[in-house]
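[1] Predicted structure and sequence below. I'll ask about it afterward.
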Amino acid sequence: MSAARFPSTARIDLEALAHNHAVLAERAQGRPMIGVVKADAYGHGLAEVGATLLDCGVAYLGVAQLAEAFTLREALPQAPILSWIYPPGADLVAAIEAGIEISVPAPWAIEEIASAAETAGTPARIHLEIDTGMSRGGLTAAQLGGAAERLAELEGRATEVVGLWSHLVRADEPDHPLTAQQTRQLIEAGETVANLGLHPIRHLANSAGLLWHEATHLDMVRPGIALYGLSPNPAVASAEQLGLRPVMSLEAPVVSVREVPAGTGVSYNHTEQVGPCRLATVPLGYADGIPRAASRRAEVVAGRRRKIIGTVCMDQFVIEGEDLEAGDCVRLFGADAPSADEWAAHCGTIGYEITTRIGPRVPRRYSKGSHENR
Ligand SMILES: *Cc1c(COP(=O)(O)O)cnc(C)c1O
């Protein structure tokens with residue numbers, strides 16, 4: 001990949017990823033972990049992040065869509081993979097043949113899985129999703145009994161229920177009682193299926209559950225965001241306070257500079273007038289995932305902190321540019337720069353959205369150690 005053709009870089013520090021894994025593994029006290037790598041590993045790169053997490057010792061890699069699972073399977077032939085989103089009619093035969101474990105998000109999926117397993121000639125390894133409060137996926141309390149009876153009939157022939165799981169709604173609010181209620185509900189669902197002879201691994205804890213609710217840890221934990229060095233809720237504890245290190249650092253060189261006189265309007269609609277001063281242009285925009293909401297608010301680092309001036313365009317934005325020259329490095333977020341969580345606060349969103357939306361025009365460059373090749 002020629003650096004000259006790509007004006008920006010997302011540096012991915014795989015050593016920081018391994019460090020964050022170690023921090024979370026200690027919290028999990030020996031329980032196995034599903035490393036969540038959906039959405040191209042929150043924008044960090046599916047194959048590289050997946051391989052690093054496997055080296056770290058995760059039990060599974062977790063993705064949302066089956067398409068992501070197939071991509072991951074090609075990159076990592078031996079990885080245990082769990083996928084939890086697919087529509088009716090999905091190619092479950094291929095999933096079973098590829099050794100991908102699949103979730104059961106609704107009753108319709110049971111018969112589709114059973115018939116796919118018959119075609120594949122192998123039982124499907126499945127994780128039963130329980131709706132304990134998200135009201136989004138999983139079996140409701142009314143659906144569980146019938147589904148569990150059917151699965152008990154199919155067990156060992158068409159299906160093997162290896163997991164039982166649910167998703168936390170408000171674990172990023174450490175004092176909220178819903179988390180304990182959801183945990184109880186999943187434990188009860190485990191008892192229901194145990195009465196039918198099924199003994200799956202129970203997993204519930206996302207990053208917030210793992211960090212702030214020990215009772216949610218159950219048999220296996222399932223963190224995502226904290227692996228990438230961001231806090232599930234910076235208002236509760238910053239990533240730094242949690243001992244986590246940013247994995248993605250986004251940077252780009254200045255592509256042009258200019259001296260402007262007093263009262264100079266900058267960027268579309270002249271939402272800001274500045275001068276006399278020097279301006280510098282950074283070749284990243286909302287097409288790359290830089291939120292337009294960051295206009296006039298977020299800060300970058302080039303020698304020191306500098307504000308974005310005017311609106312973020314599709315491909316570029318302008319910063320205060322005193323002492324800067326074309327080619328100087330501008331760091332948007334990550335190591336030695338504001339955190340993605342700080343960007344999120346400026347943009348009215350969450351850190352997850354900042355890294356996940358960094359687009360395919362930004363090449364990822366992988367290193368072990370954030371100061372390499374700078
Ligand atoms: C995204 C996701 C996770 C990880 O959540 P974080 O808040 O990033 O730790 C865990 N489980 C499921 C089902 C998810 O969709």
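    That came in fine, so what should we check first? Residues are numbered from 1 along each chain as shown.
[2] Where does the nearest residue to residue 92 once chain neighbours are set aside sit, in terms of helix or strand?
    Distances taken as C-beta to C-beta, 6 or more residues apart in numbering put residue 116 closest to residue 92, at 3.6 Å, once the chain neighbours are dropped. (Each C-beta comes from the backbone N, C-alpha and C, glycine too.) Using DSSP states H and E, residue 116 falls within helix 108-120.
[3] Check which helices and strands the helix or strand following that helix is in contact with.
    Moving toward the C-terminus from helix 108-120, the next helix or strand (DSSP H and E) is strand 124-129. Helices and strands touching strand 124-129, as assessed by 3 or more C-beta pairs under 8 Å, 6 or more residues apart in numbering; DSSP states H and E, comprise strand 81-85, helix 92-97, strand 100-104, helix 108-120, helix 141-154, strand 159-165.
[4] still on that earlier bit, quick check: the residue nearest to residue 92 vs the ligand, distance?
    Separation of residue 116 from the ligand (C-beta to the nearest ligand atom, to the nearest Å): 22 Å.
[5] Go ahead and confirm that residue touches residue 124.
    Yes: using C-beta atoms under 8 Å, residue 116 is in contact with residue 124, at 6.6 Å.
[6] Per-residue pLDDT of the residue in the stretch 151-300 of the chain that the ligand sits nearest to, please?
    Closest residue of the stretch 151-300 of the chain to the ligand, C-beta to the nearest ligand atom: residue 224 (2.7 Å). Predicted confidence (pLDDT) for residue 224: 98.
[7] That one - how many residues pack around it?
    Neighbour count of residue 224, defined by other C-beta atoms under 10 Å: 21.
[8] ok now do it, which residues does it touch?
    Contacts for residue 224 (C-beta atoms under 8 Å, 6 or more residues apart in numbering) come out as 35, 36, 37, 38, 42, 62, 206, 207, 352.
[9] If we go by neighbour counts, what in stretch 240-254 is buried?
    242-254 (16 or more other C-beta atoms under 10 Å).
[10] Stretch 352-368 too?
    The neighbour-count check on stretch 352-368 (16+ other C-beta under 10 Å) flags 352-358, 362-367 as buried.
[11] what does it contact?
    By C-beta under 8 Å, 6+ apart, the residues outside stretch 352-368 that reach it are 1, 6, 8-15, 39-40, 42-45, 48, 224-225, 228, 230, 248, 250, 284, 287-289, 291, 333, 340-341, 343-344, 347, 373.
[12] hmm, which of those are the buried ones?
    Using 16+ other C-beta under 10 Å, the buried ones in these are 8-14, 39-40, 42-45, 48, 224-225, 228, 230, 248, 250, 284, 288-289, 291, 333, 340-341, 343-344, 347.
[13] Sort out for me which of those are in strands.
    Judged by DSSP state E, the subset of these located in strands is 9, 10, 11, 12, 13, 248, 250, 333.
[14] if we can go back for a sec, now, which of the contacts of residue 224 lie within strands?
    Within the contacts of residue 224, residues falling in strands by DSSP E are 35, 36, 62.
[15] From these, pick the one nearest residue 266.
    Taking C-beta to C-beta as the measure, residue 266 lies nearest residue 36 of the ones in strands among the contacts of residue 224, at 39.8 Å.
[16] So what sits opposite the closest one in the bridge?
    For residue 36, the beta-bridge partners are residue 62 (DSSP bridges).
[17] shouldn't it be in contact with residue 228?
    No: taking contacts as C-beta under 8 Å, residue 36 lies outside contact range of residue 228: 9.6 Å.
[18] which parts of the stretch 151-300 of the chain sit against the ligand?
    For the stretch 151-300 of the chain, the residues in contact with the ligand (C-beta under 6 Å from any ligand atom) are 167, 206, 207, 222, 223, 224, 225, 232.
[19] Nearest spatial neighbour of the third one, chain-adjacent residues omitted?
    Excluding the flanking residues, the one nearest residue 207 by C-beta to C-beta, 6+ apart is residue 226, at 3.8 Å.
[20] Quick check: that neighbour touching residue 19?
    No: applying C-beta under 8 Å as the test, residue 226 and residue 19 come out as separate, 11.4 Å apart.
[21] Which of these two has more residues huddled nearby?
    residue 226 (24 against 18).
[22] show me the contacts for the more buried one.
    By C-beta under 8 Å, 6+ apart, the contact set of residue 226 is 20, 23, 24, 207, 210, 211, 232, 239, 242, 244.
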